[in-house]
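K.L.:
From the sequence below, what's the structure:
(2 chains)
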Amino acid sequence: GAGVSQSPRYKVAKRGQDVALRCDPISGHVSLFWYQQALGQGPEFLTYFQNEAQLDKSGLPSDRFFAERPEGSVSTLKIQRTQQEDSAVYLCASSLVGAEYLDIQYFGAGTRLSVL
Amino acid sequence: QKEVEQNSGPLSVPEGAIASLNCTYSDRVSQSFFWYRQYSGKSPELIMSIYSNGDKEDGRFTAQLNKASQYVSLLIRDSQPSDSATYLCAVRDFYNQGGKLIFGQGTELSVKP
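P.N.:
Next up, the predicted model:
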């Protein structure tokens, strides 16, 4: 079926604005991850969902970041009162199971957020 | 702090040569290792996964894992200009409930015609 879909692909926000980034995982995938990728760096973990349960949010950089997956499918990453340091590509990944060591994470194309 | 280290490059090789990409990791108990390829502005795409010591081959790609040395590498034979991309080494966090990936910073590979 279709891969991981993210929208919007690009988002420009003025400092202080709130933004919402959407991720539509591969159908049937239980696990969903959000990563942040700064320019020239590898992705860094933000948060993890198993179905609708957010089981790990240890990577969220501040309380301005909030993620949800209310029905265990589509997820939204919300950033309140954006700051310039929030400028990055936000990647979503999904996997069939999650914790099993053979499990593979499939990535979406990401949302490039620029905060002016 | 669990770490994954890669040379950022750029690594430049002529077309047809072997490209060798290297990665070291800090957590001895890690069991799952991945190489992703990322073209500029695109999503990371899985190239290889490896879980056991030794070599794993898939077409022109060979992943090598040495858990004792905490070292994983990717060899690309007969490199093509289309292989030019950033290659991300990732290690699954063994202790993490969901199995989050810890990435290196990526190695930029340039294959010159």
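K.L.:
so what's the nearest residue to A:Asp56 once chain neighbours are set aside up against?
P.N.:
In this structure, A:Asp56 finds its nearest non-sequential neighbour in A:Tyr48, 4.2 Å apart by Cβ to Cβ, 6 or more residues apart in numbering or on different chains. Backbone N, C-alpha and C define where each C-beta goes, glycine included. In this structure, A:Tyr48 makes contact with A:31-34, A:54-57, A:98, B:96-98, B:100, judged by Cβ atoms under 8 Å, 6 or more residues apart in numbering or on different chains.
K.L.:
Report the lowest-confidence entry in the residues you listed.
P.N.:
pLDDT is lowest at A:Gly98 among those; the value there is 66.
K.L.:
Name the strands paired with the helix or strand containing the residue nearest to A:Asp56 and say parallel or antiparallel.
P.N.:
A:Tyr48 belongs to strand A:44-50 when assigned by DSSP states H and E. Sheet partners assigned to strand A:44-50 using DSSP bridges are listed as strand A:31-37 (antiparallel), strand A:53-56 (antiparallel).
K.L.:
Point out the most buried one among the ones you listed.
P.N.:
strand A:31-37 (a mean of 24; mean count of other Cβ atoms under 10 Å in any protein chain shown).
K.L.:
what residues does that strand touch?
P.N.:
Here strand A:31-37 makes contact (Cβ under 8 Å, 6+ apart) with A:23, A:25, A:43-50, A:59, A:61, A:67, A:69, A:75, A:77, A:88-99, A:103, A:105, A:110, B:98-101, B:103.
K.L.:
Spell out the secondary structure type for the residue of chain B most remote from its centre.
P.N.:
In chain B, B:Gln97 marks the outermost C-alpha relative to the chain mean, sitting 23.3 Å out by Cα atoms, centre = their mean. Under DSSP: H, G, I helix; E, B strand; the rest coil, the three-state class of B:Gln97 is coil.
K.L.:
from the contacts of A:Tyr48, which is closest to B:Glu5?
P.N.:
Nearest to B:Glu5 out of these is B:Lys100 (Cβ to Cβ; 17.7 Å).
K.L.:
Surely the residue farthest from the centre of chain B is in contact with A:Leu55?
P.N.:
Yes. In this structure, B:Gln97 is within contact of A:Leu55 by Cβ atoms under 8 Å, at 5.3 Å.
K.L.:
What are the buried residues along stretch B:60-73?
P.N.:
Neighbour-count burial for stretch B:60-73 flags B:Phe61, B:Thr62, B:Ala63, B:Gln64, B:Leu65, B:Lys67, B:Gln70, B:Val72, B:Ser73 (criterion: 16 or more other Cβ atoms under 10 Å in any protein chain shown).
K.L.:
can you redo these as TSV with secondary structure, pLDDT and distance to chain A?
P.N.:
TSV is the format used below for those (DSSP: H, G, I helix; E, B strand; the rest coil; pLDDT from 0 to 100; distance: Cβ to the nearest Cβ, whole Å):
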residue	secondary structure	pLDDT	distance to chain A
B:Phe61	strand	97	16
B:Thr62	strand	97	19
B:Ala63	strand	97	14
B:Gln64	strand	97	19
B:Leu65	strand	96	13
B:Lys67	coil	92	13
B:Gln70	coil	94	17
B:Val72	strand	96	14
B:Ser73	strand	97	17
